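Enquirer: Next comes the sequence, and after it the predicted model I'd like to discuss.
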Amino acid sequence: MDSLLNQNRPPAFCPGCTHEKIVRTLDRTFQNMGLSGNRISIVSDIGCSGLFDTFFHTHAFHGLHGRALTYAAGIKMARPELTVIAVMGDGGMGIGGAHLLAACRRNLDITLLILNNFNFGMTGGQFSATTPSDAVVGSGFLNRLETPMDICAVARAAGAPYAVQCSGYQPDLDRELEKAIRFPGFSIVDICGICTGRYVRKNRLTPERIDEIVKPSTPEYAGTLSDAPRKEYSHHYQELSRNLLPAEEPIGISPMFAPIRNTRQEIVILGSAGQRILTAGEILCLAGITSGLHATQKNEYNITVLTGPSISELILSPDNIDYTGIENPSVIIALAPEGVERRQTLFQNATPDTIIIHERNLAIPPHQATAIPMDCKGKGIKQQDRALAALGVLAGMNRVISMEMLQKAIELRFTEPIRTKSIHLIRDMV
Amino acid sequence: MAISFLEGNEVIARAALAAGCNFFAGYPITPATTIFNTMLKLLPPSGGICMQGEDEIASIGFCLGASMAGMKAMTATSGPGISLYSEQISFAIGSEIPIVIVDVQRLGPSTGSATLGADGDIQFLRWGNSGGMPVITLCPADITDCFLLTIHAFNLAEEFRCPVFIAANKEIGMTRESIDFQSLTIPEIKTRRPAIRTADFQPFAVSSEKMVPDFLPIGDIIPVRQTSSTHGPDGYITNDPKTIESNRIRLVKKLETVASAHCYYEARPEQDADTLLIAYGVTARAARQAQQEAKQSGKPFSLLILKTLWPVPEDLIRKHAQGVKRVIVMEMNLGQYIREVERILPGITVLFFGQMNGRLITPTQIREFLDHG
């Protein structure tokens, strides 16, 4: 197999930089594995390690600092047949820490090479997440305040299935790289090296010292970390999605009833979270659509679940509905103080033509509307059924919607046993 | 006729599939989450990929990788997520990566109000990239727009190899509305123009008569390069001022035709009206109703609803402002797009009405402003 090094762009690092050694070792690994350039995608980011992709004649994706693993994930999901190699420095590993942790948990078949030379070489030797606290670096005393991160230990804690620490100088590095690339999941190779341009000017670091740092004999730093083999993400994704049923098409309604009124009607349901206000609003609109009306549903609620107000503003109209807000509704359904509190003015503006359907013991502001009390509590109707019960009252009066429209909407929206239960509920409200 | 009753967000997701989208990645955020939910229902069973990133930066990163590997990708978020996307957006612009980005806007700044609507990101979408390169932004006013503009967004992303924003709003994305899919004319679906495979393939080479480089995916038989660095046609870093400049100018010029050839809008002129109201998004709906009411009361005004916000449809705005005494811009913010309208219409009185309180601008407010503003 031929070298995949880019003949037009020989490696250009500072003299003595370990990165160049790693470039040549990686090329040898590709040759050993018999890989051609179009079967490999090198994904790099910013810093000296970011030059990597330019030295190879392979697919290449050079992106933002610390984000190499994000692009690599997209490429691998789109092209599972590619050998995807992400290359980062210790700087990119630090800034992209969240991606490193997520990649360990995700276990996509990507190999991450971390070219760890203990500082930010390109910007002047500032400290990185792996700089020893006692090193002299371009960040003054600041690195003395922090503890360096042990990449393989962090990877292990995050659930990485494979991580190994190596020296850029070890003679069998090509075999280590091949093992990592062949591993059918996410693999990390933390390759320690020497930054001749910056780091070693003020710090003593030699290949021998790196050998002492690297702990290949300790099991947790040597390759496969987990005892039980984990499923590779893209294969697992295919496995789980293969048997999914196609998504249902949206309900399509052919109008079948004559509308009760051929004018725009506005309805507001005022309740609290947990009362299924939004579902009731949807059902009212579906009922209106069965009579050929246009419908809109604008909802308002807090971000909290099961507490706070829940308000649904509904419009049914024979014409296209433009403005979706409601100022003077023809029907107000009041079910809980939280919702009523938010829309006090609706009650003040109500006229005798307005209908207010409200739970009997619910305090509502003074109004001049026609009030229709209902006694859900007395009838033993639970909170979550009261909005639907109110629609039963409305349909029973043949206002806005009829009972047959409401029943049709329930049939469209619900499956058994909720369907039959709901139909009984609305019929009992008449 | 078969009427469905759906949220704007769900319709955006369904339109994405109709446009050929086969990759989605997102991070949950109100009010955009239901796009993710819908894509998760639609994509995996149809052989597509839907992923939840560890954050917004990862989500759009997945999309950029997948897009360069030849997939049609979309992501969706709200203002806080657009902030995190920003550096990746700059990358997609500069390195010509097709992607559709939905911004279901909520009331800002910052965390703001998750469940309140606004149109506060309009200038942010335009200028939120380092380098200040132009972008395409489409803005739906209703459920039909959600469907059609999403397909147009994919077509534009493919044709021009760039990010295309859909500037939705909680009041569009999370409002349910009746829609008759059968009545819609679906635009022709476009895909990026493939390059001819040659041994000396240059990923960013552009022939003189074209403005957009032809595409080969990462994973092709021919090795393909992509880079966020300033590059020449070969995809390698360049320091040559001529190459750099011509590429930057091309990034601007390639979108110039969008303002005319892909300008989506709805013009509702009234004869002899002395006022032109310009609106977009959910505010346009109140404007339509106000226009009808005003006509009935004998005070007609003209209305121009913009659905392509960026690049600014300058000729269109000039044409519709001809002969009017004043132009009024109404927005669900404290004055953003009015800057463009003022710039285009020197010498014409341009007035502004907007609010940022989570409430819709009402038809009554519009009519009061027109009568007394």
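Expert: Structure's in. What do you need?

Enquirer: Farthest from the middle of chain A: give me that residue.
Expert: What lies farthest from the middle of chain A is residue A:352; by Cα atoms, centre = their mean that is 49.7 Å.

Enquirer: can you pull the pLDDT of that residue?
Expert: The per-residue pLDDT reported for residue A:352 equals 95.

Enquirer: swap in residue B:237?
Expert: The predicted local confidence for residue B:237 is 95.

Enquirer: Go ahead and confirm it touches residue B:227.
Expert: Yes - in this structure, residue B:237 is within contact of residue B:227 by Cβ atoms under 8 Å, at 7.2 Å. Every C-beta, even on glycine, is put in place using the N, C-alpha and C of the backbone.

Enquirer: if you count what's nearby, which of these two comes out ahead?
Expert: Taking other Cβ atoms under 10 Å in any protein chain shown, residue B:237 and residue B:227 do not tie; residue B:227 has more neighbours (22 against 13).

Enquirer: ok, residue A:420 to residue A:284 distance?
Expert: 20 Å (Cβ to Cβ, to the nearest Å).

Enquirer: okay, these two: which has more neighbours?
Expert: Between residue A:420 and residue A:284, counted using other Cβ under 10 Å, residue A:284 has the larger neighbour count: 30 against 12.

Enquirer: residues touching that one, list them.
Expert: A:267, A:314, A:316, A:391, A:394, A:400, A:401, A:406, A:409 (Cβ atoms under 8 Å, 6 or more residues apart in numbering or on different chains).

Enquirer: quick one, phi/psi of it?
Expert: Residue A:284 adopts backbone torsions of phi -60, psi -40, taken as degrees, to the nearest 10.

Enquirer: Show the pLDDT at it.
Expert: Reported pLDDT for residue A:284: 98.

Enquirer: picking up where we left off before, tell me which of the contacts of residue A:284 is nearest to residue B:94?
Expert: For the contacts of residue A:284, the closest approach to residue B:94 (Cβ to Cβ) belongs to residue A:314, at 46.1 Å.

Enquirer: tell me the contacts of the closest residue to that closest one other than its chain neighbours?
Expert: The shortest distance from residue A:314 to any non-neighbouring residue, by Cβ to Cβ, 6 or more residues apart in numbering or on different chains, is to residue A:267 (4.5 Å). Taking Cβ under 8 Å, 6+ apart, we find residue A:267 in contact with A:284, A:313, A:314, A:315, A:316, A:329, A:330, A:331, A:332, A:333, A:394, A:400.

Enquirer: what's the offset of the helix or strand hosting residue A:267 from the middle of its chain?
Expert: Using DSSP states H and E, the element containing residue A:267 is strand A:265-272. When C-alpha coordinates are averaged (Cα atoms, centre = their mean, to the nearest Å), strand A:265-272 and its chain have centres 33 Å apart.

Enquirer: quick check: mean pLDDT across that strand?
Expert: Per-residue pLDDT over strand A:265-272 has a mean of 97.

Enquirer: do the same with stretch B:205-213
Expert: For stretch B:205-213, mean pLDDT rounds to 90.

Enquirer: how distant is it from the center of its chain?
Expert: Mean-position distance between stretch B:205-213 and its chain equals 24 Å (Cα atoms, centre = their mean).

Enquirer: ditto for stretch B:322-335
Expert: The mean C-alpha position of stretch B:322-335 is separated from the chain mean by 21 Å, Cα atoms, centre = their mean.

Enquirer: Please apply the same query to stretch A:44-57.
Expert: 29 Å.

Enquirer: Now do it: distance from first to last residue.
Expert: 14 Å (Cα to Cα, to the nearest Å).

Enquirer: near chain B at all, that stretch?
Expert: Yes - under the criterion of Cβ under 8 Å from any Cβ of the partner chain, chain B is reached by stretch A:44-57 at A:53, A:54, A:57.

Enquirer: Assign a three-state SS to the closest residue to the second one other than its chain neighbours, would you?
Expert: Excluding the flanking residues, the one nearest residue A:54 by Cβ to Cβ, 6+ apart is residue A:9, at 5.4 Å. Per DSSP: H, G, I helix; E, B strand; the rest coil, the secondary structure class of residue A:9 is coil.

Enquirer: how about the residues of stretch A:44-57 next to chain B in TSV, adding secondary structure, pLDDT and neighbour count?
Expert: Output for these, formatted as TSV (DSSP: H, G, I helix; E, B strand; the rest coil; pLDDT from 0 to 100; neighbours: other Cβ atoms under 10 Å in any protein chain shown):
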residue	secondary structure	pLDDT	neighbour count
A:53	helix	95	27
A:54	helix	97	21
A:57	coil	97	20
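
Enquirer: Out of the residues you listed, which is nearest to residue B:191?
Expert: Once Cβ to Cβ is applied, the member of these that ends up nearest residue B:191 is residue A:53, at 26.5 Å.
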